[in-house]
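Engineer: Quick one: sequence and predicted model below, then my questions.
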Amino acid sequence: MKPLQQIFTDFNSLQVLIVGDVMLDSYIWGAVERISPEAPVPIVNVKKRDVRLGGAANVALNVQALGANPILVALCGADDAGKRLQQIVTEQKLSVEGLVVSSFRPTTVKTRVIASSQHVVRVDDESDKPSTLEEERDLYARIEKLAPACQAIIFEDYDKGVLSAALIERTVALAKKLGIPTIVDPKKRNFLAYKEVTLFKPNLKEMREGLKVELEAGNQLQLEAAIKILKEKLEVEGVMATLSEHGVYIDFQNEKVKLAAHPREIADVSGAGDTVVSIAALCVALRLSPKQIAGLANLGGGLVCQHVGVVPIDKHELLTEAQRVGL
């Protein structure tokens, strides 16, 4: 088993292609001091506003925070939000080479109103219509150009229409030809389109919806049966299921490992899946054992839940915590 310090050093040598739905996470921070006289809703007195990268772009930030070099391939709108997204991508020292600007869709913006560390409401400005043939062609051209220099490809699917079954199939075929592992964070629409990928990372809700099965979080027999069905349907090499407070379960490389969640003071689960798939992808690229992949990903997902809002993982904090728990 490779030493932790060496693993974290080796992260720095990796380049990762991230294909999926990018968005802006907008935050309005304030305080609630009274209820509106117009309707039984709280009045939020705004104290601060903040805009961050979200979706596949947050995966890129996580990959970058771990020391690797992320390259985004995604669509954004030809609108003010799209210009802001590209600006922040550049400010974060991420490449814009893979970004396709579309005049057919708005840039996805999720606005969260938070008062006293509690979510009051979320407002989504978006379109989830499928990408056009022209958009799909442009996206694949970027993938074909950028993939050969990468050691892993992440599909970050938020069901916003950027990823189509055809684009997934072509990208997986290209990855297999190049010998690059593919790691998937799925959603409902394309759940069964990710055939022959390396590692498929659903959560419980996605497995229930995607397979249309009964699945209780703590029922090990149901979980193993669902993963068996999933592996057969998709012909994937491995599945890593995230189970919220029940931890994580991985079935990969002829190993099956169940790890409990680490006790945390949970402030916000937003973005935890982005962190988990980022860590898992780098670990797969380094050909780590299933136990190391699941262990580090499980730990990282829990750590980011201690922060309010979508934030990338802190590499030093993850290494320190991994050493502390004896991974």
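Structural biologist: Cool, the structure landed.
Engineer: Tabulate the CA atom coordinates of the helix or strand residue 176 falls within in PDB.
Structural biologist: For residue 176, the host element (DSSP states H and E) is helix 165-178. These are the backbone C-alpha positions of helix 165-178, laid out as PDB (Å, rounded to 0.1, in the frame of the first residue of the first chain):
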ATOM      1  CA  ALA A 165     -26.000   9.500 -24.300                       C
ATOM      2  CA  ALA A 166     -24.100  10.000 -27.600                       C
ATOM      3  CA  LEU A 167     -21.500  12.300 -26.200                       C
ATOM      4  CA  ILE A 168     -21.000   9.900 -23.200                       C
ATOM      5  CA  GLU A 169     -20.600   6.900 -25.500                       C
ATOM      6  CA  ARG A 170     -18.100   8.600 -27.800                       C
ATOM      7  CA  THR A 171     -16.000  10.000 -24.900                       C
ATOM      8  CA  VAL A 172     -15.900   6.600 -23.100                       C
ATOM      9  CA  ALA A 173     -14.800   4.900 -26.400                       C
ATOM     10  CA  LEU A 174     -12.100   7.500 -26.800                       C
ATOM     11  CA  ALA A 175     -11.000   7.100 -23.200                       C
ATOM     12  CA  LYS A 176     -10.800   3.300 -23.600                       C
ATOM     13  CA  LYS A 177      -8.700   3.700 -26.800                       C
ATOM     14  CA  LEU A 178      -6.300   6.000 -24.900                       C
END
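Engineer: Next up, the contacts around residue 11.
Structural biologist: By Cβ atoms under 8 Å, 6 or more residues apart in numbering, the contact list for residue 11 reads 66-68, 282, 286, 315. The way it works is simple: take the backbone N, C-alpha and C, and place the C-beta from them, glycine included.
Engineer: and the two most separated of those?
Structural biologist: In the contacts of residue 11, the most distant members under the criterion Cβ to Cβ are 286 and 315, with 14.6 Å between them.
Engineer: What residues sit buried inside the helix holding residue 176?
Structural biologist: The neighbour-count check on helix 165-178 (16 or more other Cβ atoms under 10 Å) flags 167-168, 170-172, 174-175 as buried.
Engineer: helices or strands next to it in the packing?
Structural biologist: Where contact means 3 or more Cβ pairs under 8 Å, 6 or more residues apart in numbering; DSSP states H and E, helix 165-178 is packed against helix 133-146, strand 152-156, strand 182-185.
Engineer: Run through who's touching the shortest one.
Structural biologist: Pointing back at strand 182-185 there. Contact with strand 182-185 is made by 20, 59, 152-157, 171-172, 175, 194, 197-201, 273-274, 276-277, 280-281, 284, as judged by Cβ under 8 Å, 6+ apart.
Engineer: and residue 176, what pLDDT?
Structural biologist: Note for residue 176: predicted pLDDT of 97.
Engineer: Tell me if I'm right that it and residue 197 touch.
Structural biologist: No - the criterion here is Cβ atoms under 8 Å, and residue 176 misses it with residue 197 at 9.3 Å.
Engineer: shared neighbours, these two?
Structural biologist: Common neighbours of residue 176 and residue 197 (Cβ under 8 Å, 6+ apart) do not exist.
Engineer: Could you list the low-confidence segments of the stretch 1-150 of the chain?
Structural biologist: Of all residues in the stretch 1-150 of the chain, none has pLDDT under 70.
Engineer: change it to 80
Structural biologist: 1, 117 (pLDDT under 80).
Engineer: Tell me where it has strands.
Structural biologist: Taking DSSP state E, counting those that start in this stretch, the strands of the stretch 1-150 of the chain run over residues 15-20, 22-35, 42-55, 69-77, 99-102, 109-115, 118-125.
Engineer: Mind putting those strands into CSV with distance to residue 4?
Structural biologist: As requested, these are exported to CSV (distance: least, Cβ to Cβ, whole Å):
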stretch, distance to residue 4
strand 15-20, 20
strand 22-35, 31
strand 42-55, 28
strand 69-77, 21
strand 99-102, 34
strand 109-115, 34
strand 118-125, 35
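Engineer: Mind putting the ones you listed into CSV with mean neighbour count and distance to residue 183?
Structural biologist: CSV is the format used below for the strands of the stretch 1-150 of the chain (neighbours: other Cβ atoms under 10 Å; distance: least, Cβ to Cβ, whole Å):
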stretch, mean neighbour count, distance to residue 183
strand 15-20, 26, 9
strand 22-35, 18, 17
strand 42-55, 16, 16
strand 69-77, 25, 13
strand 99-102, 20, 21
strand 109-115, 20, 23
strand 118-125, 13, 26
